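Visitor: show me how the following folds:
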Amino acid sequence: MITIALYVCPQTVCSSLAMAQDAFALANRLAASAEFVLQRVSLDGQPVDLDFARIQVDGDLTLAERADLILLPATGSAVATALEANAALLPWLAKRGAAQPVASLCSSAFLLGAAGLLDGRKATTHWALEAQFRQRFPAVELCIDALLCHDGHLLSSGGAHAGLDLCLYLIELHAGEWLAKQVANTLVFETQRGGQARFAPLLPQAAENAAQLKPLLRWMELHHGEVIDMQRLAAQANCSPRTLLRRFKVSTGLTPNDYLQRLRISAAQRALGNPARSLEQVAAQVGYADRATFAKLFKQLCGETPGAFRRRMQRPPAAELHGP
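Guide: The predicted model follows:
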């Protein structure tokens, strides 16, 4: 039996907190024993008002000091607000996290980072927060594609559902693989889902000041299957290749060639929805004469092969979903 202290603050994402509680409570029910004791704590031991719920707690941080594990549910995408509002937590977290196991769900990895616990360690968070995390914590080895990371006594997870991956991992770690599998099965949750790369958008959103580039981006969408080099792009944009390269990097964070490859693979994802088209046909349609080159780049950007992507995207007909 282990005791888990769930930290609750006004920025806590209610679904993240509920998911963690439900996973460990279900593990106890399926095991027919109290494998996990859950305690909710806040900075001052007072109830916490979230968007649509008042969360009662069992005590303040003193109670958490006696727990076997401190679990930080997600705190949302307003990172600066969460860090400022929880400034009083950080010194305590730095002290406790030096020896006591601590786990973060999704965006709460920023709390671990701000407490200095992740420097020189592996960690992950939601893919959409990658740039912010790298900027704030350059000393952390960010494994952004990972659904969860376990480095020493520190654990972290990626997006919302990856929090359940982390909870299942903890259940397996402390109560065995069989129980973790039963919890996953009861929740109808697939644990072998690959990495976060499958969910992150391939194309970056152009900067607001990228008006000059928008006609070219649209042109590339229409002609991505053709042979396109830097000279052709520069001529289309009515500027020199050097100027185009600079504008592209500033507006998208990518080179024109990198953007083109992502544009082609994004088009391939849509084309793979048609089972009548072979992989060779899809590759040629989006601009690749060589299937091997296409497959290699697809896996690099999407985290899975084109064939695996196609199989995952297949859905049963509506009649199979709804019955006769």
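
Visitor: how about stretch 236-246: buried residues?
Guide: For stretch 236-246, the neighbour count (16 or more other C-beta atoms under 10 Å) marks A237, C239, L244, L245 as buried. All C-beta atoms are positioned from the backbone trio N, CA, C, and that covers glycine.

Visitor: oh, that last question was meant for stretch 40-50, not what I typed.
Guide: For stretch 40-50, using 16+ other C-beta under 10 Å, the buried residues are R40, V41, S42, L43, V48.

Visitor: how about stretch 267-286?
Guide: Quick answer for stretch 267-286 (16+ other C-beta under 10 Å): A267, A268, Q269, A271, L272, L279, V282, A283, A284, Q285, V286.

Visitor: which residue ranges of the stretch 51-200 of the chain form strands?
Guide: Using DSSP state E, counting those that start in this stretch, the strands found in the stretch 51-200 of the chain span residues 54-55, 69-72, 102-104, 122-123, 141-142, 148-151, 154-157.

Visitor: so what's the gap between stretch 73-80 and the chain middle?
Guide: Its chain's C-alpha centre and that of stretch 73-80 lie 13 Å apart, by C-alpha atoms, centre = their mean, to the nearest Å.

Visitor: CA atoms of it as CSV?
Guide: Provided in CSV are the C-alpha atoms of stretch 73-80 (Å, rounded to 0.1, in the frame of the first residue of the first chain):
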residue,chain,number,x,y,z
PRO,A,73,-2.4,17.1,-11.8
ALA,A,74,-2.4,19.3,-14.9
THR,A,75,-2.5,23.0,-14.4
GLY,A,76,-3.6,24.1,-17.8
SER,A,77,-2.0,25.9,-20.7
ALA,A,78,-1.7,29.3,-19.0
VAL,A,79,1.8,28.4,-17.8
ALA,A,80,2.9,31.9,-16.5
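
Visitor: for the record, mean pLDDT for it?
Guide: Taken as a whole, stretch 73-80 carries a mean pLDDT of 95.

Visitor: shift numbering so it begins at 59
Guide: I'll keep to 59 as the first residue from here, and by that count the last item is stretch 131-138.

Visitor: neighbouring contacts of whichever strand or helix holds L275?
Guide: Per DSSP states H and E, L275 falls inside helix 272-281. The set of residues external to helix 272-281 that reach it, using C-beta atoms under 8 Å, 6 or more residues apart in numbering, is A264, I286, L291, Q294, A295, L302, Y317, L318, L321.

Visitor: okay, buried residues for that helix please.
Guide: Going by 16+ other C-beta under 10 Å, helix 272-281 has these buried residues: L274, L275, M278, H281.

Visitor: and for stretch 116-134?
Guide: Quick answer for stretch 116-134 (16+ other C-beta under 10 Å): L119, L121, A122, A125, L127, I128, L129, L130, P131, A132, T133.

Visitor: now do the end-to-end distance for it.
Guide: End-to-end span of stretch 116-134 (C-alpha to C-alpha, to the nearest Å): 23 Å.

Visitor: walk me through the domains of the chain.
Guide: Here the domain parsing of the chain from automatic domain parsing is 60-254, 272-371.

Visitor: restrict the top helix by length along the chain to CA atoms and write it as CSV.
Guide: Ranked by residue count under DSSP state H, the longest helix found in the chain is helix 72-89. What follows is helix 72-89, C-alpha atoms only, in CSV (Å, rounded to 0.1, in the frame of the first residue of the first chain):
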residue,chain,number,x,y,z
CYS,A,72,-10.6,19.2,-13.0
SER,A,73,-10.6,16.3,-15.5
SER,A,74,-6.9,15.6,-14.8
LEU,A,75,-7.5,15.4,-11.0
ALA,A,76,-10.6,13.2,-11.5
MET,A,77,-8.9,10.9,-13.9
ALA,A,78,-6.1,10.2,-11.5
GLN,A,79,-8.5,9.7,-8.6
ASP,A,80,-10.7,7.4,-10.7
ALA,A,81,-7.7,5.3,-11.9
PHE,A,82,-6.3,4.5,-8.4
ALA,A,83,-9.8,4.1,-6.9
LEU,A,84,-10.6,1.5,-9.6
ALA,A,85,-7.4,-0.3,-9.0
ASN,A,86,-8.4,-0.6,-5.3
ARG,A,87,-11.8,-2.0,-6.3
LEU,A,88,-10.4,-4.5,-8.7
ALA,A,89,-7.7,-5.6,-6.3
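
Visitor: list the buried residues for that helix?
Guide: Using 16+ other C-beta under 10 Å as the test for burial, helix 72-89 gives S74, L75, M77, A78, Q79, A81, F82, L84, A85, N86, L88, A89.

Visitor: and if you look at stretch 353-365?
Guide: Buried, per 16+ other C-beta under 10 Å, within stretch 353-365: A353, L355, F356, K357, L359, C360, G361, E362, P364.
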